[in-house]
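Novice: Fold the following, please.
(one chain, ligands or ions: 1)
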Amino acid sequence: MNNLLQMPLTEAVKAVKSKKVSAVELTRASLGRIAECKELNNFITVCAESALAAAAEADKKIALGGDPGPLAGVPVAVKDNISTKGIRTTCASKFLQNYVPPFDASVVTALRNAGASIVGKTNMDEFAMGSGSENSYFGAVKNFRERSRVAGGSSGGSANAVAACEVFAALGSDTGGSIRQPAAYCGVAGLKPTYSLVSRYGLIAFASSLDQIGPLGRTVRDCALMLDVLAFADPRDSTSVPRPQKTYSDFVPRVKGKRIGIAKEFFPDTLNADVRKRLNAAVAALEGAGAVVKETSIKSFNAALATYYVLSSAEAASNLARFDGIKYGYSDRSGDGLTDIYFKSRTGGFGDEVKRRIMTGNYVLSSGYYDAYYLKASKVRTLIKREYEDALRDCDALICPTAPSSAFKAGKKTSDHTQVYLEDVYTVPVNIAGLPALSVPCGTDGGGMPIGMQLIGKAFDEKNLFELAGAFEEITGGNADV
Ligand code: GLN
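Specialist: Predicted coordinates for the structure are as follows:
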């Protein structure tokens, strides 16, 4: 591998701006590395031509003494459920395998305006439903550190491409953990921003009240630099809000005096021993550096998973109704009449997990069951949100594992989907509560696989999370190793 690719994003930007290396050179190296790592299956589409053109544009601006933008032609990747004009956007589905959006998602426009070179679209679970990036129509993603293991999901391709130094950073989406859990499994940092901080315009919707786009990077500051570009008020997304911070990437690592909440429910007796050990060591290190550790309680912890699967499936059933074989995407017209087109297109176009969610969603929304499931889950949602907000009143961040284990074996859990759902136990409450959370690497298990620590913050308090996680990264010596 070209050593240049191991630089953090922040360093790469500086190197390009100071003409130590050209953006075109970095983009070529990135494209070379993507070809070298083909077997990992991180990319569904590689867009070499437009990436090199964006890099050349940045180099030209620099040569003329102009501003190439905060990302200065440095190569990044975008998850394949985020619309890119003229570049197919498949959601890793058969349904959209040939769909080429006529417009860019607002975050993609922002990346382009920031001068980024978008080298490709990353593999994921079909329609972002899954925790291993195995539910892809384009084949499973293989973990860069250990091919027999999953990369996590659903933004598995994005996390794995960052870990393998194919790109300097990537966009993922997170409805119930899909940025943080693959970040943990691949040993990189990943942020789910506060709901409404980053525009969802052009993100192919899974569960609109939970979905957020966010960055994955090899360092905390790389994620902060990406958030500088991604956070802005967007009139095209009615839930989008003005950004409260001027910049995130200028944060100063700080831990002294910060109050860290540890809920006892986060550490049940059944927790994997390696995960417990690494988390205890991480919290002790933060305490040693001056953090104040407080015990707290989140009583609703065990209710969050069921609540999430009711709410997210209901929203998914509604959002995915548009894939009917008529408007766009896969269409099977071999039958007789309109009903047959709907039936055959949806039967043949969706994979098993997506169908499971649609069926669950329509069930919990149906008239006889609405009160018992959807309405009940909506009420529990309010309780969960209140409980996290209350716990965060007395502390600056809550800390827990990102996932209950390290990356699981490929193929192992595909037969038992409830086992896969359990991977989301620590991440889904954060989406339900709409809060920001950052996953950072906190060492490895006995087999050398990364373990992630999740820091959960108050709404719009991303900068505080960066300060704390940045300080932790300094204590542990960073994670830019591959
Ligand atoms: N694993 C979760 C699910 O399958 C989360 C998915 C996501 O965040 N997109 O629903």
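
Novice: What does the residue of the chain positioned farthest from its centre show for phi and psi?
Specialist: When distances to the mean C-alpha position of the chain are computed (C-alpha atoms, centre = their mean), the maximum falls on Asp336, with 41.4 Å. Here the main-chain torsion angles of Asp336 (degrees, to the nearest 10) amount to phi -120, psi 100.

Novice: ok, now Glu295?
Specialist: According to degrees, to the nearest 10, Glu295 has phi -90, psi 140.

Novice: what's the helix or strand for the closest residue to it other than its chain neighbours?
Specialist: With sequence-adjacent residues excluded and distances taken as C-beta to C-beta, 6 or more residues apart in numbering, Glu295 is closest to Ile262, at 5.8 Å. Every residue, glycine included, has its C-beta placed from N, CA and C. Counting by DSSP states H and E, the element that carries Ile262 is strand 259-263.

Novice: List the buried residues of the very next helix or strand once past that strand.
Specialist: In the C-terminal direction, the helix or strand that comes right after strand 259-263 (DSSP H and E) is helix 273-288. By neighbour count with 16 or more other C-beta atoms under 10 Å, helix 273-288 contains the buried residues 274-275, 278-279, 282-283, 285-286.

Novice: Looking at these, spot the one nearest the ligand.
Specialist: Sorting the buried residues of helix 273-288 by how near they are to the ligand, with C-beta to the nearest ligand atom, puts Val275 at the top with 17.8 Å.

Novice: number of nearby residues for the residue lying closest to the closest one once chain neighbours are set aside?
Specialist: Spatial nearest neighbour of Val275, excluding adjacent residues (C-beta to C-beta, 6+ apart): Pro401 at 5.0 Å. Here the neighbour count serves as a burial measure; for Pro401 (other C-beta atoms under 10 Å) it reads 25.

Novice: about what we covered before: touching, the residue nearest to Glu295 and Lys294? I think so.
Specialist: Yes - proximity of Ile262 to Lys294 meets the contact threshold set by C-beta atoms under 8 Å, at 7.2 Å.

Novice: Look at those two and report which has more neighbours.
Specialist: When Ile262 is set against Lys294 and neighbours are counted by other C-beta under 10 Å, the residue ahead is Ile262, at 19 against 14.

Novice: which SSE is the residue of the stretch 251-400 of the chain at minimum distance from the ligand in?
Specialist: Taking C-beta to the nearest ligand atom as the measure, the point where the stretch 251-400 of the chain comes nearest the ligand is Ser312, at 5.5 Å. Assigned by DSSP H and E, Ser312 falls within helix 304-319.

Novice: And the very next helix or strand once past that helix, what does it pack against?
Specialist: Counting by DSSP H and E, the element after helix 304-319 in chain order, helix or strand, is helix 337-349. When contacts are defined as 3 or more C-beta pairs under 8 Å, 6 or more residues apart in numbering; DSSP states H and E, helix 337-349 packs onto no helix or strand at all.

Novice: any chance you could map the strands in this protein?
Specialist: Listed in chain order, the strands of the chain (DSSP state E) span 43-46, 75-79, 117-122, 169-174, 189-192, 212-217, 259-263, 292-296, 397-401, 437-444, 450-456.

Novice: Pull the contacting residues for the residue nearest to the spatial centre of the chain.
Specialist: Within the chain, one residue has its C-alpha closest to the average C-alpha position: by C-alpha atoms, centre = their mean, that is Ile179, at 2.0 Å. Contacts of Ile179 were listed using C-beta atoms under 8 Å, 6 or more residues apart in numbering, and they are 155, 158-159, 172-173, 190-192, 214-216, 439.

Novice: Apply 6 Å and report the result again.
Specialist: For Ile179, the contacting residues are 155, 172, 190, 192, 214, taking C-beta atoms under 6 Å, 6 or more residues apart in numbering as the criterion.

Novice: The second one pairs with what?
Specialist: I take that to be Gly172. With DSSP bridges applied, Gly172 shows beta-bridge pairing to Gly214.

Novice: Residues of this structure that sit close to the ligand?
Specialist: Taking C-beta under 6 Å from any ligand atom as the measure of proximity, the chain contacts the ligand at 128-131, 154, 173-178, 206, 312, 424.

Novice: Tabulate those residues (TSV), appending neighbour count and pLDDT.
Specialist: Conversion of the residues of the chain next to the ligand to TSV gives the following (neighbours: other C-beta atoms under 10 Å; pLDDT from 0 to 100):
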residue	neighbour count	pLDDT
Ala128	30	98
Met129	27	97
Gly130	30	94
Ser131	29	92
Ser154	36	97
Ser173	26	98
Asp174	28	98
Thr175	27	98
Gly176	30	98
Gly177	32	98
Ser178	36	98
Phe206	26	98
Ser312	28	98
Asp424	25	93
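
Novice: Narrow these to those in helices?
Specialist: Ser312 (DSSP state H).

Novice: Lowest average confidence across helices and strands of this structure, where is it?
Specialist: Considering only helices and strands, the least confidently modelled element of the chain by mean pLDDT, DSSP states H and E is helix 417-421, at a mean of 78.

Novice: Tell me the one of the residues of the chain next to the ligand nearest Glu49?
Specialist: The shortest approach to Glu49 among the residues of the chain next to the ligand belongs to Ser173, at 25.5 Å (C-beta to C-beta).

Novice: Touching, the closest one and Leu216? I think so.
Specialist: No - in this structure Ser173 lies outside contact range of Leu216 using C-beta atoms under 6 Å: 10.7 Å.

Novice: Give me the residue ranges of the protein where confidence is low.
Specialist: 413-415, 478-482 (pLDDT under 70).

Novice: buried residues in stretch 327-340?
Specialist: By neighbour count, and taking 16+ other C-beta under 10 Å as the criterion, the buried residues in stretch 327-340 are 329-332.

Novice: Check which helices and strands the longest helix that the chain contains sits against.
Specialist: For the chain, the helix that runs over the most residues, judged by DSSP H, is helix 376-393. When contacts are defined as 3 or more C-beta pairs under 6 Å, 6 or more residues apart in numbering; DSSP states H and E, helix 376-393 sits against helix 304-319, helix 428-433.

Novice: what angle do the longest one and helix 376-393 make?
Specialist: The reference is to helix 304-319. 130 degrees (axes from the mean of the first three to the mean of the last three C-alpha atoms, to 10 degrees).

Novice: which outside residues touch helix 304-319?
Specialist: The set of residues that contact helix 304-319 without belonging to it, under C-beta under 6 Å, 6+ apart, is 176, 205-208, 210, 357-358, 360-362, 364-365, 373-374, 377, 380-381, 384, 425, 428-429.
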